[in-house]
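Asks: sequence first, predicted coordinates after that:
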Amino acid sequence: MSALDIRIDSLHWKNIRSFDSLDVPNRNGNQYINFPTKKTLFFQMPNGTGKTTTLHLIRNILSGQLPSDFSEWRRSIGDETEESFLDTPSEFELRLTINGEAYGFKLHLNHNTNEAHFSTTTPKGIRQDWAPPIAFQKAFLNRPDLVQLFVFDAETARHITKRTDEKLLQQAIRQFGGFSTVYDLVGEKSAHGSFSGGRYGTLKDVIKKELGKLTETGGGKVKGWANARIEVEESRKILSAKATKTERDIKKLQVKKEDIETKIAEIDENYAGLSDQATTLKNSIDVISRRKTESSMKLLQLLMQPIHNFIPEWDHVKSFHRRHSDWNLPADIGRGWISRLTEEKVCICGRIMDDEHRKHIESNIDEYLDEGKNNEVSSMQGEFQSIGKSNGSEVLLAVEELQDISEKLQESQELWETKFDSESSKEIVEERKRLAGRLADLIIELDSAEYIHKCLTTTNYEWLRGQGRTEGLVKGGLPTTSISEIKKVNNLKILEDIEKNLISLINKSEGNSALWEAFQLTQEIIGESLEELSQQLRVALSIKATKSWRSMPAAGADKGLRLEIQSDGMKFFRGNNTKPVGVSGAQSVSACYSVASAISSLGDINIPLICDTPFAGFDEGMVPKWYDSISSTFPQVIVLLNTLEKRALVEGAWKNRAENEYHCTIHQTGEASDGGRKFQLSEDMELFLNLRSAGDEKEDLQ
Amino acid sequence: MVDVVSEREEPNMKDPKQKLMSLIRDSAEKKGCSKTQVSQILALVENTMSDGIPDIEELQRILKSIGGVEK
């Protein structure tokens, strides 16, 4: 059994929107009836009956979050033209089996007082609050964003793939991986590489407050350091504000750039559709562009091999490695080299060299030079013996190939532009030129903003040295303690290092270094391990989700597509190209299903998928593939369909597939006693197959 | 074109908590922490995952204890 195994047993509405009272499945008198143990459950709910409301209610119940505004969920009476609402209390109940035990979660909504509360039927009795088992609470409490991954509509897919919700998948991985509280402990890694926030952040504030007192009471140097630390804080406020503003500017510029690129692509697509010749030319440009990318990658890979870079020096490189092909490393790159590190002021790892660090290096030299590592080095060196002469011919051939392809691409693009100019209207040609000009300007603005942002936030001191922007670091790379120098600093990482150094100096002088040393050491150890784990999980989940995505509709048809979960959201790529590509709505929806499934497997959680009108944007022929892949990916799937989607299901995936699953129809049967519409549940197959809505006729005519 | 996904074996993702503990242990040992310090750091993380984050006073006490141990 999984760590958390969840199955939906039944749903119950009372005085919510169109429903005065509805149970799915129907009750037997007062007795609840559970869904049959079918994998996929199809609910046919005509438009306007409350699919979206139901989705929101389920999200509230799973995340234990009370809705703040629920007036729209009042019982509705009258018709679409003259709709009014009743203030009768509403209730929605979701019954679940969690790890083999039955739970019932009821959301009570009082429209007169605007108060909402939960009650829970547990195996031990009824509680007047939200009371699932601890494992369930740990996974979902107050996480409507996570629940959204499994209670899914097209809006969810947009959120996941848009920049606006870039942290959603990252948080889902932490939550389902069971380590999100460790981030709450050490804080989040900022753009400039240090951790901030969390309980450690609060503790740092406490430590700094104590140090603040020394600006008055400390003597000599300590007072100076304490004042310098106050200056760091002031400078950080200014630089952080600059970094935030630049980040916002970059995002705005990226959105504008993508918008213009889309408009240009639309103009090109429209033109390409005008004639067979234009279509052929457009396709040819696409093919040559792909070849150019492949060719560039090939050249890059060649250039990364030393044999192609050290052509005149190659014999020397080879003889050096031949001489040292056993694993007794020479003193200058072995023990002696490591030992000499202790003579430096700053270690190669970036830490300031103190006695403790020197002692650590000296006593661990043998570990750094362990047998396993030396064997690896030896085997690598052995490879050198089998490599022949370097003449650079492979690189030259690759360069020629790339030049050749680039010329062909340029010719085709020029031909395209000439034809486009002569065959398109003057307005369109001018509009395209205007957009291309604006795009060029935006690229310059974006480059400039990205450069400013990099100066402010990079952790790469070598790069900063190259730019002459190492204000705040004195000779030997040590952080300054001077207030006037701190004022000149333009990089947040340098400020961070200055602050750490000042706090260390003060604590040492005050004989109080144990807490601060442990604070820094443990935050670094735990924080960096968390980042490493998150990165490994993102890679693993990306591979798993891509494999599942390729078995799904849309993505499977487009060979070579892959998805990557990155720290700033989900991106799509083709082949081994590193430039993200756009995908269709159907492709992005199925990518989200795959990612949701992969993430739930991470926490060993079996959770149903509940999806609203899932075929939106699907092409003909995709429904059967959707059915096969979704039903094999999730343990239970609840599909809310309107009558049109029902038709797509019946036409596409009925025989020997969906016909064997559970189906029900929520349909209007007349007027309820409160004057509103009366809806009932029917499990009749004929009704499920034949029900049509007014909108369907319109669709038929089109 | 090389298919980077089908060529790669699916990495093992089971038990991320254990993986985290092992990464922390390796990192702490590399940074020269003593056995006692490694155990204290691992206990801090394990307790945080099972019982929630410690309050400020408790965290201060734990860190002072870690910092006070001879490496």
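Replies: Here it is on my side, so go on.
Asks: from here on, just use CA atoms for contacts and neighbour counts.
Replies: Will do.
Asks: once you drop chain neighbours, what's closest to A:Asp249?
Replies: Using C-alpha to C-alpha, 6 or more residues apart in numbering or on different chains and skipping the chain neighbours, the partner closest in space to A:Asp249 is A:Ala449 (7.2 Å).
Asks: who's in contact with the one you found?
Replies: Contacts for A:Ala449 (C-alpha atoms under 8 Å, 6 or more residues apart in numbering or on different chains) come out as A:Thr246, A:Asp249, A:Ile250.
Asks: what comes into contact with the longest helix along chain B?
Replies: Longest helix in chain B by number of residues (criterion: DSSP state H): helix B:35-51. Residues from elsewhere that reach helix B:35-51 (C-alpha under 8 Å, 6+ apart): A:178-182, A:185, A:522, B:21, B:24-25, B:28-29, B:53-54, B:62, B:66, B:69, B:71.
Asks: drop anything exposed from these.
Replies: A:178-182, A:185, A:522, B:21, B:24-25, B:28, B:53, B:62, B:66 (16 or more other C-alpha atoms under 10 Å in any protein chain shown).
Asks: closest one of those to A:Asp441?
Replies: For those, the closest approach to A:Asp441 (C-alpha to C-alpha) belongs to A:Ser180, at 41.8 Å.
Asks: follow-up on the earlier one: what mean pLDDT would you report for the longest helix of chain B?
Replies: Mean pLDDT, helix B:35-51: 94.
Asks: what is whichever helix or strand comes after that helix packed up against?
Replies: Toward the C-terminus, helix B:35-51 is succeeded by helix B:56-68 as the next helix or strand (DSSP states H and E). Applying 3 or more C-alpha pairs under 8 Å, 6 or more residues apart in numbering or on different chains; DSSP states H and E, we find helix B:56-68 packed against helix A:198-212, helix A:513-550, helix B:35-51.
Asks: how about 6 Å then?
Replies: In terms of contacts (3 or more C-alpha pairs under 6 Å, 6 or more residues apart in numbering or on different chains; DSSP states H and E), helix B:56-68 is packed against helix A:513-550.
Asks: can you dump the C-alpha coordinates of the very next helix or strand once past the helix it packs on into PDB?
Replies: Sequence order places strand A:561-566 as the next helix or strand after helix A:513-550, per DSSP H and E. Only the C-alpha atoms of strand A:561-566 are listed here, as PDB (Å, rounded to 0.1, in the frame of the first residue of the first chain):
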ATOM      1  CA  LEU A 561       9.300  16.700 -27.600                       C
ATOM      2  CA  ARG A 562      10.400  16.700 -24.000                       C
ATOM      3  CA  LEU A 563       9.400  18.700 -20.900                       C
ATOM      4  CA  GLU A 564      11.700  20.000 -18.200                       C
ATOM      5  CA  ILE A 565      10.700  21.000 -14.700                       C
ATOM      6  CA  GLN A 566      13.100  23.900 -14.000                       C
END
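Asks: sheet-wise, list the partners of strand A:561-566 with their directions.
Replies: Within its sheet, strand A:561-566 is paired with strand A:569-574 (antiparallel), according to DSSP bridges.
Asks: between the partner strand and helix A:513-550, how many degrees?
Replies: Strand A:569-574 and helix A:513-550 are oriented at 40 degrees to each other (axes from the mean of the first three to the mean of the last three C-alpha atoms, to 10 degrees).
Asks: tell me the mean pLDDT for strand A:569-574?
Replies: Across strand A:569-574, the average pLDDT comes to 82.
Asks: from the contact counts, what lies against the helix or strand just after that strand?
Replies: Downstream of strand A:569-574, the first helix or strand assigned by DSSP H and E is helix A:585-602. In this structure, helix A:585-602 makes packing contacts with helix A:513-550, judged by 3+ C-alpha pairs under 6 Å, 6+ apart.
Asks: and the helix it packs on, what's buried?
Replies: Neighbour-count burial for helix A:513-550 [16+ other C-alpha under 10 Å]: A:513-531, A:533-550.
Asks: give me the element the residue nearest the centre of chain B is part of.
Replies: Central residue of chain B (C-alpha atoms, centre = their mean): B:Ile24, 3.1 Å from the mean position. For B:Ile24, the element it lies in under DSSP H and E is helix B:16-30.
Asks: export that helix as PDB, just CAs?
Replies: Extracted as PDB, the C-alpha positions of helix B:16-30 are listed here (Å, rounded to 0.1, in the frame of the first residue of the first chain):
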ATOM      1  CA  PRO B  16      13.600  11.800  -1.000                       C
ATOM      2  CA  LYS B  17      13.800  12.300   2.700                       C
ATOM      3  CA  GLN B  18      16.500   9.600   3.000                       C
ATOM      4  CA  LYS B  19      18.300  11.000   0.000                       C
ATOM      5  CA  LEU B  20      18.300  14.400   1.800                       C
ATOM      6  CA  MET B  21      19.700  12.900   4.900                       C
ATOM      7  CA  SER B  22      22.500  11.200   2.900                       C
ATOM      8  CA  LEU B  23      23.300  14.500   1.100                       C
ATOM      9  CA  ILE B  24      23.500  16.300   4.400                       C
ATOM     10  CA  ARG B  25      25.700  13.700   5.900                       C
ATOM     11  CA  ASP B  26      28.200  13.800   3.000                       C
ATOM     12  CA  SER B  27      28.300  17.600   2.900                       C
ATOM     13  CA  ALA B  28      28.800  17.800   6.700                       C
ATOM     14  CA  GLU B  29      31.600  15.300   6.600                       C
ATOM     15  CA  LYS B  30      33.300  17.100   3.700                       C
END
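Asks: tell me the angle it makes with helix B:35-51.
Replies: Interaxial angle, helix B:16-30 versus helix B:35-51 (the same axes, to 10 degrees): 160 degrees.
Asks: ok, residues contacting helix B:16-30?
Replies: With C-alpha atoms under 6 Å, 6 or more residues apart in numbering or on different chains as the test, helix B:16-30 has contacts from A:Gly177, A:Ile525, A:Ser529.
Asks: pLDDT value on the second one, please?
Replies: Reading off the per-residue confidence, A:Ile525 sits at a pLDDT of 95.
Asks: contacting residues for it?
Replies: Residues near A:Ile525 by C-alpha under 6 Å, 6+ apart: B:Ser27.
Asks: switch the cut-off to 8 Å
Replies: Counting by C-alpha under 8 Å, 6+ apart, A:Ile525 makes contact with B:Ile24, B:Ser27, B:Ala28.
Asks: now pLDDT and distance to A:Asp129 too, for these, in a markdown table please.
Replies: Putting these into a markdown table (pLDDT from 0 to 100; distance: C-alpha to C-alpha, whole Å) gives the following:
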| residue | pLDDT | distance to A:Asp129 |
| --- | --- | --- |
| B:Ile24 | 96 | 38 |
| B:Ser27 | 94 | 43 |
| B:Ala28 | 94 | 43 |
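Asks: sketch out the low-pLDDT regions of the stretch 101-250 of chain A for me.
Replies: Along the stretch 101-250 of chain A, the model assigns pLDDT under 70 to residues A:154, A:157-166, A:214-219.
Asks: how does it look with 50?
Replies: Filtered on pLDDT under 50, the stretch 101-250 of chain A yields the residue ranges A:163-164.
Asks: which residues of it fall in strands?
Replies: For the stretch 101-250 of chain A, the strands defined by DSSP state E, counting those that start in this stretch occupy A:101-110, A:115-122, A:125-127, A:151-152, A:188-189, A:195-196.
Asks: who touches the fourth one?
Replies: By that I understand strand A:151-152. A:Leu55, A:Ile58, A:Arg59, A:Leu609, A:Ile610, A:Cys611, A:Asp612.
Asks: do the same with the second one
Replies: With contacts defined as C-alpha under 8 Å, 6+ apart, strand A:115-122 is touched by A:66-67, A:102-110, A:126-132.
Asks: number of residues surrounding the residue nearest to A:Arg127 when sequence neighbours are not counted?
Replies: Leaving aside its sequence neighbours, A:Arg127 sits nearest to A:Thr120 (C-alpha to C-alpha, 6+ apart; 5.1 Å). Residues near A:Thr120, counting by other C-alpha atoms under 10 Å in any protein chain shown, number 21.
Asks: and A:Thr120, what are its bridge partners?
Replies: Counting by DSSP bridges, A:Thr120 forms beta bridges with A:Phe105, A:Arg127.
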